[in-house]
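Colleague: Next come a sequence and a model predicted from it.
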Amino acid sequence: MNFDFSDDQRLLQAEVGKMLAETSTSAAVRQVLGGQAAYSESVWRNLIDMGAAAAAIPEAYGGAGLGYLELCLVAEEAGCHLAAVPLSSSFYLAAEAILHGGSEAQKQHWLPRIAAGEVIATAALGGHETYLATPALSFDGKSVSGKVSAVPDGLVAGMAVLKAGDDLLLVDLAAPSVSRKALSSLDPTRPYAELSFANTPAEKLTGGKSGAAVAARVLNGAAVLLAFEQVGGAARILEISRDYALERKAFGRQIGSFQALKHKMAEIYTANELARVHAYYGAWALSSDAPELALAAGAARVAATTAFNRAAEEGIEIHGGIGFTWEMDCHLYYRRARYLAQLIGSEHAWRAQLADELVREAA
Amino acid sequence: MDFRDTPEEAAFRAQVRAWLEANAQPKKSDEDRFDKGMNDAERIVAARAWQKKKAAAGYAAITWPKEAGGMGGTPMQQVIYGQEEARFLVPRMIFENSLGQCLPTVATWAIPELKARHVPRGLSGDEIWCQLFSEPAAGSDTGGIRTRAEKQGDAWVINGQKVWTSGAQFCDYGILLARSDWDKPKQDGLTMFILDMKAPGVEVRPIHQISDEYEFNEVFLTDVRIPDSHRLGPECGGWKVMLSTLMHERLSVGGSLPTHLHRSLIDLAQKAHWNGRPAIEDSRVKARIADAYLSQKGVELTISRGITALSKGREPGPEMSILKLVAGKGIQDITSFALEMAGAEGTLGHRDLGGEWEFIQRLWLSAPGIRLAGGSDEIMKNIIAERVLGLPGEIRTDRKVPFRDLER
């Protein structure tokens, strides 16, 4: 039995954490929040240069050739420090789709560029939940037409993996027939765009697996990686709130001495730790390609989503009125928690997946 | 990260499994219990016999040093033994307090003659021990106990009442915390003793619980004489002795959320009907099954983290303190939802509803006790807030006041 990360993996995590503490500061995140940048370029460059972002991409494709366990810990630090970078778009989604669904030539063409940060990649793999009635993309075997809404990092991405019918397509977004429109986001540190295509050259992922199978595998992996971002964010906002509760006095006492707040924080801690063990289990399933991946990913996704949302909501409550102001960082966690909660489908959809897996397993 | 055994762990597991297969019956299902249909006397006889067998094979006290009668094994080996034993129909729990708390305390604090007498007899099942700390007015606040110990020559005279004493009706001895000095602040005036449960003046009254079981007892002590040689630790040093006792309890409490509860829920949801359709087809039912899994598997995985720390020679970290909170409330939520699924019929007793409900109903009735035993949910939250998160302690007005002067 060894349900923990290795010392080497923890060392990498510590290095990434140190770098992010220095560069992904509140001021750097607010540059993106305020629209002065599309993402934190220096943070992104550091993550690329350290090989941290490309931890799970094999060396043969220009990656660091470490593994998913390493990438999970990188994700935890990114979540903790609210890194405003296209990590999930490029590495949890697009690179993974190419790695699992692409032909050798497609992998050779795109993965080294993504790993080196030459190209920011993104993906729109489709989901069950929609509101804006965007017509489906049409693909004629050579080119794609139509619109996709709410593409994460869509304004800065150089390539995209798109779902069109049952196919997953690779599209070079440098093509002149691609047009982009910036969309607003409840978390402006993670911007969206609408992408429109008019007979834009596109090719299918031709690694041999069906588009649905590749998408399912990629989304399960992303659920685990995002759970680590959520666990990192939830732990950090609890820490910030705890520190504030020790500092702030009311009725002649530190507010952190009131049992109502102590118990609230104990409950947040408990939910966070439950999310953490489910995320760890998901990391194990992802890194060992276990048949339990769909189950473990569902559990990690639900536990981490509820934990981060709760920690972010209650973090503002613990701060009182000051927590509701623009100048405090509380709202950055509140926004990020909501963004991560819905990026790859809602908590409810994932809870349904988890239940279906449990019923299947019990049969 | 790897859930498989190391080669050494696998070898120990194989050895344990072979011994269990030769000495016990495997369970037919997760819910199978060894003592179905037995009365108390039969259960105790069977438990003593099983303990004697385990002791002879070296499995009674795996982590104890060899010179104390143990196996000199690792905490990981203890965990592996527990995992394997759980798959067999054997008596459980009856020796938990003896081995987990009482005998380690006796081994640490008793005079040599008493150690030599009691520790081997306790290990081999000849003596069963209980722990007498709680009182009617001192539950979570153990420092508030009022059972009186007065020194008369070479003996102490004990008067008072204990409560919530697990298994006292079957016990031969107990470790007893009593107040020997009323002029000291509450925690400074306590002394720990070995109590002979058959001594004159000891009266045990089993408590009828909401689960229809009699696991706990009241123990009335009237002019009970204890020789001074049966004192554990210094006079008025009882608080420190008690803390050392509770230290031994750390890994044994809390991890009591059965690992198959979500499967019982699925099974019941396939049989229960909502508006003519199996309840399992309702998305709200599925969501509750998912949530049941999250707490149950979460407890299991948290224990795996603790075991990993142990196997690397480290103390399990603060993550373990969430276990009892999640397990207790988890059992209550899951079992009450199971009952809900069958509507009015769900509140029929299992004799009329069906044997598959027995386990769920028994757990539902014991859930309130699980949330209280070994520290209530509220105490656990204080512990997490103070020791894990570093928040200030509760305001105390009783710290330096002589116990005699405290408001009661």
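Modeller: Done, it's in. Numbers count the residues shown, from 1 in each chain, chains lettered A, B, ... in the order given.
Colleague: From now on I want contacts and neighbour counts done on CA atoms only, so please keep to that.
Modeller: OK.
Colleague: How about the biggest strand by length in chain A, which residues are buried there?
Modeller: Scanning chain A for the strand with the most residues, using DSSP state E, yields strand A:192-204. By neighbour count on 16 or more other C-alpha atoms under 10 Å in any protein chain shown, the buried set for strand A:192-204 is A:192-197, A:199-204.
Colleague: From those, pick the one nearest chain B.
Modeller: Chain B has its nearest neighbour among the buried residues of strand A:192-204 in A:Y192, at 30.4 Å by C-alpha to the nearest C-alpha.
Colleague: Burial check on the residue nearest to the closest one when sequence neighbours are not counted, number of neighbours?
Modeller: Computed as C-alpha to C-alpha, 6 or more residues apart in numbering or on different chains, the closest residue to A:Y192 that is not its neighbour in sequence is A:P152, at 4.6 Å. By other C-alpha atoms under 10 Å in any protein chain shown, 24 other residues sit near A:P152.
Colleague: A:P152 and B:G167, how far apart?
Modeller: 61 Å (C-alpha to C-alpha, to the nearest Å).
Colleague: Make sure the residue nearest to A:Y192 is actually in contact with A:T122.
Modeller: Yes - counting by C-alpha atoms under 8 Å, A:P152 touches A:T122, with 6.7 Å between them.
Colleague: intersection of neighbour lists for these two?
Modeller: A:S89 (C-alpha atoms under 8 Å, 6 or more residues apart in numbering or on different chains).
Colleague: what are the ranges of the helices in the stretch 301-408 of chain B?
Modeller: B:323-341, B:350-353, B:358-372, B:377-383 (DSSP state H, counting those that start in this stretch).
Colleague: Can I get those in a markdown table including mean neighbour count?
Modeller: Shown next, in a markdown table, are the helices of the stretch 301-408 of chain B (neighbours: other C-alpha atoms under 10 Å in any protein chain shown):
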| stretch | mean neighbour count |
| --- | --- |
| helix B:323-341 | 22 |
| helix B:350-353 | 12 |
| helix B:358-372 | 19 |
| helix B:377-383 | 20 |
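Colleague: just the strands in chain A please.
Modeller: Using DSSP E, strands in chain A cover A:121-124, A:138-139, A:143-152, A:159-164, A:167-172, A:178-183, A:192-204, A:249-250, A:253-254.
Colleague: My error: substitute chain B in the last question.
Modeller: Going by DSSP E, chain B shows strands at B:25-26, B:88-89, B:129-132, B:148-152, B:155-162, B:173-179, B:190-196, B:202-206, B:217-227, B:231-232, B:273-274, B:277-278.
Colleague: what's the closest of these to chain A?
Modeller: Nearest of those (C-alpha to the nearest C-alpha): strand B:277-278, 13.2 Å.
Colleague: Sheet partners, orientation included, of that closest one?
Modeller: Here strand B:277-278 has these sheet partners by DSSP bridges: strand B:273-274 (antiparallel).
Colleague: So for the strand it pairs with, mean pLDDT?
Modeller: Across strand B:273-274, pLDDT averages out at 95.
Colleague: who touches stretch B:173-180?
Modeller: B:102, B:127-133, B:145-151, B:158, B:189-198, B:235-236, B:238, B:242.
Colleague: sorry, back to before: give me whichever of the strands of chain A is most buried.
Modeller: Ranked by mean neighbour count under mean count of other C-alpha atoms under 10 Å in any protein chain shown, the strands of chain A are led by strand A:121-124, which reaches a mean of 28.
Colleague: what packs against that one?
Modeller: The contact analysis (3 or more C-alpha pairs under 8 Å, 6 or more residues apart in numbering or on different chains; DSSP states H and E) places strand A:121-124 against strand A:143-152, strand A:159-164.
Colleague: and A:V218, what does it touch?
Modeller: Neighbours of A:V218 in contact, by C-alpha under 8 Å, 6+ apart: A:92-93, A:96-97, A:100.
Colleague: among these, which are in helices?
Modeller: Among the contacts of A:V218, the residues falling in helices (DSSP state H) are A:96-97, A:100.
Colleague: any low-confidence regions in the chain?
Modeller: Unless you meant another one, I'm taking chain A. The model of chain A has no residue with pLDDT under 70.
Colleague: try again with chain B
Modeller: B:248-257, B:408.
Colleague: Tell me which residue lies farthest from the centre of it.
Modeller: B:G276 (43.0 Å; C-alpha atoms, centre = their mean).
Colleague: Now do the contacts for it.
Modeller: Counting by C-alpha under 8 Å, 6+ apart, B:G276 has no contacts.
Colleague: Report the separation between it and B:Q270.
Modeller: Applying C-alpha to C-alpha to B:G276 and B:Q270 gives a distance of 12 Å.
Colleague: Mind giving me the packing neighbours of the longest strand of chain A?
Modeller: Looks like strand A:192-204 contacts strand A:143-152, strand A:167-172, strand A:178-183 (3+ C-alpha pairs under 8 Å, 6+ apart).
Colleague: The last one pairs with which strands, and in what direction?
Modeller: Counting by DSSP bridges, the strands paired with strand A:178-183 are strand A:192-204 (antiparallel).
Colleague: The strand it pairs with vs strand A:167-172, what angle?
Modeller: 110 degrees (axes from the mean of the first three to the mean of the last three C-alpha atoms, to 10 degrees).
Colleague: Could you tell me the angle between strand A:192-204 and strand A:159-164?
Modeller: 80 degrees.
Colleague: For strand A:192-204, what is the distance to the chain centroid?
Modeller: Taking C-alpha atoms, centre = their mean, to the nearest Å, one finds strand A:192-204 lying 22 Å from the centre of the chain it belongs to.
Colleague: Equivalent analysis for stretch A:204-213, please.
Modeller: 23 Å.
Colleague: How about stretch A:129-149?
Modeller: On C-alpha atoms, centre = their mean, the centre of stretch A:129-149 falls 23 Å from the chain's centre.
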